[in-house]
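# When you get a sec, could you give me coordinates for this:
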Amino acid sequence: MIKLNVKIAGEAFTIEALTELVASQFKPYLTDTEGGAIITPTQQDLESMLEKLLNQKDDRKRISPTIIEFFVIHELIAREMINRGVLLVHGSAVVADGNAHLFIAPSGTGKSTHTQLWLSLLGDRAFIINDDKQLIRITDAGAVVYPTPWGQISVADAGASAPLKSITVLYRGKNNINKITEAQMFPELFKASLRGETPMETLEIINLQKKLMSKVGLYKMTCEPTVEAAETAYKAIAGD
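Numbers count the residues shown, from 1 in each chain. So this is what the prediction gives:
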């Protein structure tokens, strides 16, 4: 067992990894801070995750003990974060002019492609903080997005963060973006967020989602994989 002290989204954890390969994924997040929650994958956790992955993935050959362990640690940390006011959301987040903008959509819709186009549009004024899974801290003052070990990180500092200013749900179609209500966004955000394992945990997640939606701009966008789409989104969101 390999013991690591890490800091993710400003929260300290002690991870007890089973393999060197999994431990190596957390190197950018190593810290001298001790005393955080201890994250230890159990045999039951590993078996449960294997069952989930078998139900989700078509290519069973890609499911290895390392992948199973990595996803177990990911889920254990994400669930621990709920009590700290931090929500895990599947999406791609781009930081532009100092503010973060999150794009959510079903896999294959083009979230990562769209945020990459923001880089083409804005150059060094923008960077992708994470293109797959974000941790978002929600407080009365607003929301802040952080990079995670799960997904591409294109920032030099794994401790980076940025105020989250908008969430946009993407669909394919001609370039067009409109503001939507919390009621319209909720089912999309619910699908993109960590799922609760108990009724109480589900309620806690929903409360975080409602609080998050009250702090940021909410949009629906149909778009093509072009720089013009990024320009359309940027103008609408930055001008809000």
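# counting contacts, what elements does the lowest-mean-pLDDT helix or strand in the chain pack onto?
The weakest-scoring helix or strand in the chain, judged by mean pLDDT, DSSP states H and E, is helix 43-56 (a mean of 87). Here helix 43-56 touches helix 65-82, going by 3 or more CB pairs under 8 Å, 6 or more residues apart in numbering; DSSP states H and E. Quick note: C-beta positions are derived from backbone N, CA and C, even for glycine.
# packing partners for the helix it packs on?
strand 11-17, helix 20-24, strand 37-39, helix 43-56, strand 86-90, strand 133-139, helix 199-213.
# Give me the sheet partners of the shortest one and which way each runs.
The one in question is strand 37-39. Note on strand 37-39: by DSSP bridges, its sheet partners are strand 11-17 (parallel).
# What residues sit buried inside stretch 19-30?
22-23, 25-26, 29 (16 or more other CB atoms under 10 Å).
# my read: A96 touches A126, true?
Yes - using CB atoms under 8 Å, A96 is in contact with A126, at 4.3 Å.
# about what we covered before: TSV please, covering the helices and strands packed on helix 65-82 and showing distance to H74.
Shown next, in TSV, are the helices and strands packed on helix 65-82 (distance: least, CB to CB, whole Å):
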stretch	distance to H74
strand 11-17	11
helix 20-24	10
strand 37-39	10
helix 43-56	9
strand 86-90	8
strand 133-139	8
helix 199-213	16
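# which of those has the lowest average pLDDT?
Within the helices and strands packed on helix 65-82, confidence is poorest for helix 43-56, with a mean of 87 (mean pLDDT).
# What is the longest strand belonging to the chain packed up against?
For the chain, the strand with the greatest residue count under DSSP state E is strand 162-172. Counting contacts by 3+ CB pairs under 8 Å, 6+ apart, strand 162-172 packs against strand 99-104, strand 142-146, helix 182-192, strand 217-223, helix 227-238.
# ranking the ones you listed by burial, who's on top?
Most buried of the helices and strands packed on strand 162-172 by mean neighbour count (mean count of other CB atoms under 10 Å) is strand 99-104; its value is a mean of 24.
# got the angle between the very next helix or strand once past that one and helix 182-192?
Going down the chain from strand 99-104, the next helix or strand is helix 111-122, by DSSP states H and E. Interaxial angle of helix 111-122 relative to helix 182-192 (axes from the mean of the first three to the mean of the last three CA atoms, to 10 degrees): 110 degrees.
# picking that back up, contacts made by the least confident helix or strand of the chain with the rest, please.
60, 63, 65, 67-69, 71-72, 75-76 (CB atoms under 8 Å, 6 or more residues apart in numbering).
# sorry, back to before: return the closest of the buried residues of stretch 19-30 with respect to K7.
Y29 (6.0 Å; CB to CB).
# The residue nearest to that closest one when sequence neighbours are not counted: how many residues sit nearby?
Leaving aside its chain neighbours, Y29 sits nearest to V6 (4.1 Å; criterion: CB to CB, 6 or more residues apart in numbering). Neighbour count of V6, defined by other CB atoms under 10 Å: 22.
# What's the per-residue pLDDT of V6 here?
93.
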